[in-house]
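# next input, structure requested:
(chains A and B)
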There are 2 protein chains.
Amino acid sequence: MATIDHLGIAVKSLAEARSFYRRMGLEIVGEETVEHEGVRLAMVPLGESRIELLEALAADTPIGRFLAKRGEGLHHVALRVDDLNATVEKLKKAGTKFISDEIKVGAGGHLYVFVHPSSTGGVLLELCEDPPQGV
Amino acid sequence: MATIDHLGIAVKSLAEARSFYRRMGLEIVGEETVEHEGVRLAMVPLGESRIELLEALAADTPIGRFLAKRGEGLHHVALRVDDLNATVEKLKKAGTKFISDEIKVGAGGHLYVFVHPSSTGGVLLELCEDPPQGV
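This next block holds a predicted model:
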């Protein structure tokens, strides 16, 4: 069954965005810098999902360019699926556009791929699958 | 504990957007017209959350104006909280801006209010509370 893994929100200042969620009484965890993605992030756990607040490390990064073009706001929605390979194959056969063709391996071993907004109703959609348990 | 209640996504054509989610193997339920909000919607259940696909009934509606200005994409994120009154009071004391001051009662008796994007990092944020059980 598919669930919402996380929402990625591009913000100018992680400190300011954190203060809003903290005022709501929400926990903010796992602040970290991911150099190869040019981003500093903090997570707001929300049940089986989470919000990822994304601050650009520099203007010339994906989040930096997004902020310059669109301003602060939702950058992507990530759906967790059971069988990413099968889902991607099915979508490709139906002509769905992807940002890049191959499935990538992220931090902690999870698999992910991005569907182009033109195929989803204007939303940059990440599809991901948790790494196998107990391996 | 707060959870993601739903994501509202503004689409030009409900039929086209439905076809993408159906190809992913997801269920689409509850298509209905909400005249007073000027919208026709369909829901994609995702665990404890859901996506609401929102098609405008006319150009001069909130979703119609959003589509004209921004194009298709995420319109709002809704977080379900346990005590909406207490959450709103806390946020107001801290200077958070709301779209309208009063908490409203929606379909099925749930309570909701919208926080202004300028307070949340660029996201139109709905806060909602389920109606009391067994009433």
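
# low pLDDT regions in chain A?
For chain A, the stretches flagged by pLDDT under 70 are A:134-135.

# residues from it in reach of chain B?
A:1-4, A:7, A:9-12, A:16-17, A:20, A:23-26, A:46-49, A:53, A:71-74, A:77, A:79, A:81, A:87, A:90-91, A:94, A:96, A:117, A:119-123 (CB under 8 Å from any CB of the partner chain). (Glycine included, C-beta is placed from N, CA and C.)

# which ChimeraX command selects the buried ones in those?
Command for ChimeraX that selects the buried part of the residues of chain A next to chain B, burial taken from 16 or more other CB atoms under 10 Å in any protein chain shown:
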select /A:2,3,4,7,9,10,11,17,20,23,24,26,46,47,49,53,72,73,74,77,79,81,87,91,96,117,119,120,121,122,123
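
# helices - which of the residues of chain A next to chain B land there?
Members of those lying in helices (criterion: DSSP state H): A:16-17, A:20, A:23, A:87, A:90-91.

# show me the strands in chain A, by range?
For chain A, applying DSSP state E gives strands covering A:3-10, A:29-34, A:39-46, A:49-56, A:73-80, A:104-105, A:111-115, A:125-129.

# would you turn the ones you listed into TSV with distance to residue B:61?
Below are the strands of chain A laid out as TSV (distance: least, CB to CB, whole Å):
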stretch	distance to residue B:61
strand A:3-10	25
strand A:29-34	39
strand A:39-46	29
strand A:49-56	28
strand A:73-80	21
strand A:104-105	39
strand A:111-115	28
strand A:125-129	25
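
# how about those, which one is nearest residue B:104?
For residue B:104, the closest of those is strand A:39-46, at 22.3 Å, according to CB to CB.

# need the contact list for residue A:111.
Neighbour list for residue A:111: A:84, A:103-105, A:128-129, A:131 [criterion: CB atoms under 8 Å, 6 or more residues apart in numbering or on different chains].

# one more: residue A:118?
residue A:97.

# count the neighbours of the nearest residue to residue A:80 once chain neighbours are set aside for me.
Excluding the flanking residues, the one nearest residue A:80 by CB to CB, 6 or more residues apart in numbering or on different chains is residue A:5, at 4.0 Å. Counted with other CB atoms under 10 Å in any protein chain shown, residues neighbouring residue A:5 total 23.

# so residue A:5 sits right up against residue A:79, yeah?
Yes. Using CB atoms under 8 Å, residue A:5 makes contact with residue A:79 at a distance of 6.4 Å.
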